[in-house]
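Asks: using only what follows, build the 3D model:
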Amino acid sequence: MNGCAAESFCRVKDILKSNSLKKETFMCTKPIVNTHVCRTSTEWKENKIDRYLCMPDEDVCLSEYTQSIYDNGTVISEHILRCGKSSECNLHITITHPKKTIGIRTTCCSTYDCIPPTVHASFVKVPQPEYNGLTCQACYSDGSINCVSNNTMVCTGTQDHCIIYTSEKKHSPDPYSKKYGNSVESLTGCGTKDCCIYGRSFVTFDHHGKTVNITCTMGSSNINFLSYLSWTFFALILLQYVNTLL
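Replies: So this is what the prediction gives:
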């Protein structure tokens, strides 16, 4: 027989049945269901907070603040509370495309039903102008989960990874969510190293759900080629100088 028991029950090795002298042996195992509970909220219901039972691999409560800056100057901020993994804590993500820049900051707390601190200030900065030698595919689609383009962009500063970013919001057909509608968005461009840690996130709240995926991909680098040209040029100058001495 399998079932649930109190922790004190697991300290007993043997018990006797009340109606016989036969001994019953048993073993306690760790539960496969997480008992960690976190508060959840989204920008759809800013003044309402719910509580959510986390998945087995989620061990912290996470605050995720996202800020997006579009090429026309529009700035959109979003704050989400959700369950998360320890590896997602204290991330500082920047993703850049010519049409849109996305910044994500995360903070965590690890106790039951805790409220993590939130970064509310503007933090998306203009990418540093120094070209770092990486070239990535550049594509942006507002309305499609798949973005395909032959365009490329050069990466600058600390954005030394090629990124694929997708965001999908779904809303159940209840009378209170009709005004929101479903939306999808995809982007490829340059990003910081924390993008490779983020992975996939999901939050559900009051008939709404949002899924974000961030993955790192391979790009093309010109650093080694430029270094090779520099050393080749130096060697030719040195050889020419040596010949003048002979």
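
Asks: check which helix or strand covers residue 90.
Replies: Following DSSP states H and E, there is no helix or strand that holds residue 90.

Asks: list the contacts for it?
Replies: With contacts defined as Cβ atoms under 8 Å, 6 or more residues apart in numbering, residue 90 is in contact with 106-108. Yep, even glycine has a C-beta here, placed from its N, CA and C like the rest.

Asks: may I ask which of these has the most neighbours?
Replies: Greatest neighbour count in these, by other Cβ atoms under 10 Å, goes to residue 106: 26 neighbours.

Asks: partners of the helix or strand hosting it in the sheet?
Replies: Residue 106 belongs to strand 100-109 when assigned by DSSP H and E. Here the strand partners of strand 100-109, with direction, are listed using DSSP bridges: strand 60-70 (antiparallel), strand 92-97 (antiparallel).

Asks: how about low-confidence regions in the protein?
Replies: 1-26, 29-34, 43-48, 120-128, 171-181, 205-207, 221-246 (pLDDT under 70).

Asks: hmm, try it at 50
Replies: 14-20, 175-178, 223-235, 238, 242 (pLDDT under 50).

Asks: would you map the helices across it?
Replies: Counting by DSSP state H, the chain has these helices, from start to end: 195-198, 223-245.

Asks: I'd assumed residue 98 was in contact with residue 187.
Replies: No. Judged on Cβ atoms under 8 Å, residue 187 makes no contact with residue 98 at a distance of 10.5 Å.

Asks: the more surrounded of these two?
Replies: The residue with more neighbours, out of residue 187 and residue 98 and counting by other Cβ under 10 Å, is residue 187; that gives 24 against 11.

Asks: quick revisit: dump the contacts of residue 90 into TSV; add distance to residue 85 as well.
Replies: Converted to TSV, these look like this (distance: Cβ to Cβ, whole Å):
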residue	distance to residue 85
106	10
107	14
108	9
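
Asks: let me know the closest of these to residue 155.
Replies: residue 106 (22.5 Å; Cβ to Cβ).

Asks: so what's the nearest residue to the closest one once chain neighbours are set aside up against?
Replies: Nearest residue to residue 106, sequence neighbours excluded (Cβ to Cβ, 6 or more residues apart in numbering): residue 91, at 4.6 Å. In this structure, residue 91 makes contact with 104-106, 194, 197-198, judged by Cβ under 8 Å, 6+ apart.

Asks: enumerate the beta-bridge partners assigned to residue 204.
Replies: Bridge pairing for residue 204 - DSSP bridges - gives residue 209.

Asks: ok, which of the strands paired with strand 100-109 comes nearest residue 149?
Replies: Ranking the strands paired with strand 100-109 by distance to residue 149, with Cβ to Cβ as the measure, places strand 92-97 first at 10.3 Å.

Asks: residues of the closest one that come out buried?
Replies: When burial is assessed from 16 or more other Cβ atoms under 10 Å, strand 92-97 yields the following buried residues: 93-97.

Asks: how about a markdown table for those residues, with distance to residue 36 added?
Replies: Formatted as a markdown table, the entries for the buried residues of strand 92-97 read as follows, by distance: Cβ to Cβ, whole Å:
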| residue | distance to residue 36 |
| --- | --- |
| 93 | 24 |
| 94 | 29 |
| 95 | 29 |
| 96 | 34 |
| 97 | 36 |
